[in-house]
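Student: Sequence and computational prediction follow.
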Amino acid sequence: MKILVLNGPNLNMLGVREPALYGNRTYADLVRFIEASARDAGVEVEVFQSNHEGALVDRIQSARGAFDALVVNAAAYTHTSVAILDALKAAGLPAVEVHLTDPGRRERFRHISFVKPAALATFAGMGFGSYSRAIRYLAERFRRG
Ligand code: DQA
């Protein structure tokens, strides 16, 4: 099984951005954590980060046929991007939404998610653990067939 993990804007700033919310670990730490989670779950993983909405849309489109599932942290685009929602629907791959924090417990403008309607599940508020939960969820679903 091959999973593509997509990370949106400002996640490359982990370790620097708002450490009280996002912690002190860096984006490189997150990528290592995702790779270790995939090894534990017995799946292959590729991780892609972009600050650009169109680049994320392009990557989702090209995942069709190349990956079995997506893990998506669209970051701020979660709350704004119909284009990412449409790309996820067009790709037609099983997708899980993840967030480090729980947007539902933050500002009102973070309460809406344009990713959710295209996602099988959402894991949020568990820090890096949101990603390992999502990878395990998709690996188990794939194994069940
Ligand atoms: C985030 C939550 C979003 O509201 C925010 O814009 C982010 C990160 C998270 O992982 O907690 O950039 O997706």
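Tutor: It's in. Numbers count the residues shown, from 1 in each chain.

Student: Setting aside sequence neighbours, what's the nearest residue to R64?
Tutor: A91 (4.7 Å; CB to CB, 6 or more residues apart in numbering). C-beta: built from backbone N, CA, C; applies to glycine.

Student: What's the per-residue pLDDT of A90 here?
Tutor: Here the pLDDT value assigned to A90 is 98.

Student: For the chain, which residues are neighbours of the ligand?
Tutor: Neighbours of the ligand within the chain, by CB under 6 Å from any ligand atom: N10, N73, A75, A76, T78, H99, L100, T101, P103, R110.

Student: Just name the closest of those to N51, please.
Tutor: N10 (6.9 Å; CB to CB).

Student: name the element the residue nearest the centre of the chain belongs to?
Tutor: Taking CA atoms, centre = their mean, the centroid of the chain lies closest to V72, which sits 2.3 Å from it. Element membership of V72 [criterion: DSSP states H and E] is strand 69-73.

Student: what inclination does the helix or strand following that strand have with respect to strand 69-73?
Tutor: Remark: after strand 69-73, the chain's next helix or strand is helix 82-91, criterion DSSP H and E. With axes from the mean of the first three to the mean of the last three CA atoms, to 10 degrees applied, the angle from helix 82-91 to strand 69-73 works out at 170 degrees.

Student: Which other helices and strands does whichever helix or strand comes after helix 82-91 contact?
Tutor: Where DSSP H and E defines the elements, the next helix or strand beyond helix 82-91 is strand 95-99. Applying 3 or more CB pairs under 8 Å, 6 or more residues apart in numbering; DSSP states H and E, we find strand 95-99 packed against strand 69-73, strand 121-124, helix 129-144.
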